[in-house]
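Engineer: Sharing a model that was predicted from the sequence below.
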Amino acid sequence: MKIKILEAKKEKFVFLLEESTPPFANALRRIMISEVPTLAVEWADFHENSSALYDEIIAHRLAMIPINFEPSKFNYTEDCKCNNEGCPLCQAVFVIDKTGPCVVHSGDMKPSNRNAKPTDPNFVIVELLKGQRLRMEAVARMGIGKSHAKWQAANASYQYYPEIKVHSADFKTYLKDVPKSAIDIQSKSITVKDFTKTDMIKKAAEESDGAFEVIEDATRFIFTIESISGLSPDYIATTAGRILAEKAEDFKKQVAKI
């Protein structure tokens, strides 16, 4: 198995996985989405809310705000030494106290734990008119996406690696609608440079009367990971790999007992 990084940005990570299989690739993708632990608001305590929105709506909005945090500094509440009572090692408390007229943003969530804060201070929570007030506490805890969407770590997808085989010398005439930045055309070969344009290349191949074809390699996969949590996409990828390895090891132990 080989891995080659194709693109690495703050919220997007693209890599090529080689010498693998579809079942392995899909297992890795599913873990990235639903089993990498993140931090999200789990419950809220409202002391005063005279805004136009019900408590439940504001609580829902708070739960969907991604939170930056240091994974090594947080435990699952049920695994913490505080015996599920809640402490700085397993939860982050955010306080909001605003009086209108104003718009309450995620930047108004004052954290009790300096290791946790919203990924962006500009998420809109609620608008307060003159005299309206929002005073509350929100508690964020660790969880995973398969328990609730608010803990989903990333949007992750993969595609088979596209290989282009040329069968006719006039293949170039069928590529006029494909952006030049998407492919590298040589005298007798085509190499894909921008994998997001693969569908355009496939369409051109279908209309080429057999001049060239796109073949998908089921042993190579192009993964695209977009973080929708406070975790970096490369961390999500490596953590998913570790979780999958742990699952495989646990499976081996269980089978050995049979």
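Structural biologist: Looks like it came in fine.
Engineer: C-alpha from now on. contacts and neighbour counts both.
Structural biologist: Fine.
Engineer: how much space between the closest residue to Ser229 other than its chain neighbours and Asn84?
Structural biologist: Setting aside the residues directly before and after it, Ser229 is nearest to Pro66 in space (CA to CA, 6 or more residues apart in numbering), at 4.7 Å. Counting by CA to CA, to the nearest Å, the gap from Pro66 to Asn84 is 23 Å.
Engineer: Between the two, tell me which one has more neighbours.
Structural biologist: Set Pro66 next to Asn84 and count neighbours by other CA atoms under 10 Å: Pro66 wins out with 26 against 12.
Engineer: On the strand side of things, show who the residue nearest the centre of the chain bridges to.
Structural biologist: With distances taken as CA atoms, centre = their mean, the chain has Ala154 as the residue nearest its mean C-alpha position (1.2 Å). Note on Ala154: beta-bridge partners Ser227, judged by DSSP bridges.
Engineer: From what I see, it and Gly230 are in contact.
Structural biologist: No - counting by CA atoms under 8 Å, Ala154 does not reach Gly230; the two are 9.7 Å apart.
Engineer: Please enumerate the strands of the protein.
Structural biologist: Remark: strands assigned in the chain by DSSP state E are 2-8, 12-18, 38-49, 67-69, 91-99, 102-105, 110-111, 116-118, 124-128, 133-143, 154-166, 183-185, 190-192, 212-227.
Engineer: And the residue nearest to Ser229, what's its pLDDT?
Structural biologist: Note on Pro66: pLDDT of 95.
Engineer: any idea of the pLDDT on the spatially closest residue to Asp234 that is not a sequence neighbour?
Structural biologist: Nearest residue to Asp234, sequence neighbours excluded (CA to CA, 6+ apart): Phe13, at 6.2 Å. At Phe13, the model reports a pLDDT of 93.
Engineer: Next, count neighbours for Phe13.
Structural biologist: With other CA under 10 Å as criterion, Phe13 counts 22.
Engineer: List the beta-bridge partners for it.
Structural biologist: Beta-bridge partners of Phe13, as defined by DSSP bridges: Ala8, Ile225.
Engineer: residues contacting it?
Structural biologist: By CA atoms under 8 Å, 6 or more residues apart in numbering, the contact list for Phe13 reads 5-7, 223-226, 233-234.
Engineer: Identify, from the residues you listed, the entry nearest to His105.
Structural biologist: Distance to His105 across the contacts of Phe13 (CA to CA) is lowest for Glu226, with 23.5 Å.
Engineer: Go ahead and confirm the closest one touches Tyr158.
Structural biologist: No - using CA under 8 Å, Glu226 is not in contact with Tyr158; the gap is 11.7 Å.
Engineer: what residue ranges in the stretch 101-250 of the chain score low on pLDDT?
Structural biologist: Within the stretch 101-250 of the chain, the stretches with pLDDT under 70 are 187.
Engineer: again, 50 this time
Structural biologist: Applying pLDDT under 50 to the stretch 101-250 of the chain flags no residue at all.
Engineer: Just list the residues touching Val93, thanks.
Structural biologist: 111-113, 137-140.
Engineer: What subset of the residues you listed is buried?
Structural biologist: 111, 137-140 (16 or more other CA atoms under 10 Å).
Engineer: Relative to Glu18, which of these is nearest.
Structural biologist: Out of these, the member with the shortest distance to Glu18 (by CA to CA) is Ala140, at 37.9 Å.
Engineer: mind checking how far Ala211 is from Gln186?
Structural biologist: 15 Å.
Engineer: Look at the two and report which has more neighbours.
Structural biologist: Neighbours were counted for Ala211 and for Gln186 using other CA under 10 Å; Ala211 has more, 19 against 9.
Engineer: can I assume the more buried one is in contact with Ile164?
Structural biologist: No - contact criterion CA under 8 Å: Ala211 and Ile164 do not qualify, at 10.5 Å.
Engineer: Quick check: which of the strands of the chain is buried the most?
Structural biologist: Most buried of the strands of the chain, by mean neighbour count (mean count of other CA atoms under 10 Å): strand 116-118, with a mean of 23.
Engineer: Show me what that strand pairs with in its sheet, parallel or antiparallel.
Structural biologist: Short version: by DSSP bridges, strand 116-118 pairs with strand 67-69 (antiparallel).
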